[in-house]
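Peer 1: Here is a sequence with its predicted model. Questions after.
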Amino acid sequence: MTDYGYARPDMLAETQWLAAHLQDDNLRIVDCDTRDAYRRAHIPGAVPVRGHHYLKEKEGAPHIMGPDQFAQTMGEMGIGDDTPVVAYDGFSGLYATRFWWALHYYGQTNVRVLNGGWDAWLAEGRPVTNAASRPAKATFAPQANEDMIARWEQVQEAIAADTVLLDVRSDAEWTGENNRGTKRGGRIPGAVHLEWLNYVDPKTKKFKPADELRPMFEQVGVRPECEVVTY
């Protein structure tokens with residue numbers, strides 16, 4: 001396994017590993033792209049995400065799905081409590097990492113993000129298909145881990161504390177130039193900014209190695225000893 005100097009390389013799956021495990025009966029590959037993109041082509045055996053890309057209650061809702069809705073959604077995708085999962089997308093990891101986080105929030109930690117995603121898979125000439133996968137339904141028992149999320153009260157307290165608020169949105173959202181349709185643009189007072197695309201190599205779409213990421217984070221005040229809330 002390539003670790004790129006990461007503390008937790010197990011959070012990622014490399015394309016060569018996935019290619020060698022495509023036939024694993026218990027592995028669930030999740031295509032986090034749009035349904036149209038999935039219909040055109042996807043990794044063999046992959047299932048599409050059901051519902052909202054960010055696994056929200058519905059379009060425009062601020063919160064992740066509730067436990068019952070999430071359990072039903074995962075069950076229909078063939079994901080149980082212990083099912084090994086590899087998530088990928090064609091958006092530099094934007095949706096796949098959200099899927100990773102959502103599963104962790106509800107207690108399913110046997111999940112990894114495909115490093116480089118769809119772009120790396122295609123660039124390496126690996127197999128693709130447009131045949132839909134229909135896995136058997138599974139049973140998912142959600143167990144919310146509240147340590148994975150910061151409520152607004154905690155964020156409000158963090159503004160006056162030593163906690164680092166890391167704004168990973170686009171530069172235009174950070175300045176308030178693009179308010180994304182919200183009532184108020186701008187940022188949380190005291191936050192630091194490092195747009196999420198900075199974490200990904202623009203050519204390979206793979207996450208940059210630790211020796212490149214570390215100085216970027218340190219420059220904005222994010223260090224290993226800090227408590228960090230991202231948004």
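Peer 2: Arrived safely. Numbering: from 1, shown residues only.
Peer 1: alpha carbons only for contacts and neighbour counts from here, please
Peer 2: OK.
Peer 1: Chain neighbours aside, what residue packs nearest to the residue most central in space within the chain?
Peer 2: Among the residues of the chain, residue 97 comes closest to the average C-alpha position under C-alpha atoms, centre = their mean, at 0.9 Å. Of all residues not flanking residue 97 in the chain, residue 113 sits nearest, at 6.4 Å (C-alpha to C-alpha, 6 or more residues apart in numbering).
Peer 1: that's a strand at that neighbour, yeah?
Peer 2: Yes - judged by DSSP: H, G, I helix; E, B strand; the rest coil, residue 113 forms part of a strand.
Peer 1: Kindly provide the distance from the residue lying farthest from the centre of the chain to residue 219.
Peer 2: Here the centre of the chain is the reference, and by C-alpha atoms, centre = their mean the most remote residue is residue 160, at 28.6 Å. According to C-alpha to C-alpha, to the nearest Å, residue 160 and residue 219 sit 21 Å apart.
Peer 1: And the chain, split by domain according to the record?
Peer 2: 9-145, 150-230 (automatic domain parsing).
Peer 1: so which of these gets nearest residue 3?
Peer 2: domain 9-145 (4.9 Å; C-alpha to C-alpha).
Peer 1: Do me a favour and average the pLDDT over that closest one.
Peer 2: Here the mean pLDDT over domain 9-145 is 96, rounded to a whole number.
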